[in-house]
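Q: Give me a model of this one.
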Amino acid sequence: MIVNDTVLIAENKEDLQNLLNIVEEESRKKGLELNSKKTEVMVISRKQESPKCDIFINEIKLKQREKFKYLGTIISNDGKTNREISARTAQAKINFQKMKTILTNKHISIKTRKEPSSATENLF
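A: Numbers count the residues shown, from 1 in each chain. Below you'll find the predicted structure:
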């Protein structure tokens, strides 16, 4: 059994370590093991520099991240959304560039161009 994309949220380092210890212990009882290489920590703070947060699984210190992607959304340690907005804008630009030849092709009817998914189905 594999469990991915689990998030633990705590007010402070001690509470987070306690939560993680409980999850680790309960997982072990069920025959599961937490992967310290794939488990990471992030502190969300309004401070200029994010505080260090030493959290451990079985005495192995977890990597602390400044940002990561969770369920398709970029979360950053400053709590701001500008990285997410930039990433989505960049993805929209890439998608538009892929569709540009179809959207600007005068040989394809306007009706078809208004529905890009049907336009690509008809062409490919």
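
Q: Rank the helices and strands of the chain by mean pLDDT and give me the bottom one.
A: Here the helix or strand of the chain ranked lowest by mean pLDDT, DSSP states H and E is helix 116-123, holding a mean of 54.

Q: got the CA coordinates for stretch 67-76 in CSV?
A: Presented in CSV, the C-alpha positions along stretch 67-76 are these (Å, rounded to 0.1, in the frame of the first residue of the first chain):
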residue,chain,number,x,y,z
LYS,A,67,8.3,25.8,-2.1
PHE,A,68,6.7,22.6,-3.5
LYS,A,69,3.8,21.5,-5.7
TYR,A,70,0.9,19.9,-3.8
LEU,A,71,-2.0,18.5,-5.8
GLY,A,72,-1.0,20.7,-8.7
THR,A,73,-0.7,24.0,-6.8
ILE,A,74,2.6,25.7,-5.9
ILE,A,75,2.9,26.4,-2.2
SER,A,76,5.7,28.7,-1.0
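
Q: Can you get me a residue count around K38?
A: K38 has 9 neighbours, counted by other CB atoms under 10 Å. Quick note: C-beta positions are derived from backbone N, CA and C, even for glycine.

Q: er, I55 I mean
A: Using other CB under 10 Å, I55 has 22 other residues around it.

Q: again with the one 3 residues further on
A: Neighbour count for N58, taken as other CB under 10 Å: 10.

Q: Disregarding flanking residues, what is the spatial nearest neighbour of it?
A: S36 (6.8 Å; CB to CB, 6 or more residues apart in numbering).

Q: Low-confidence stretches in this structure?
A: Residues of the chain meeting the criterion pLDDT under 70: 1-3, 116-124.
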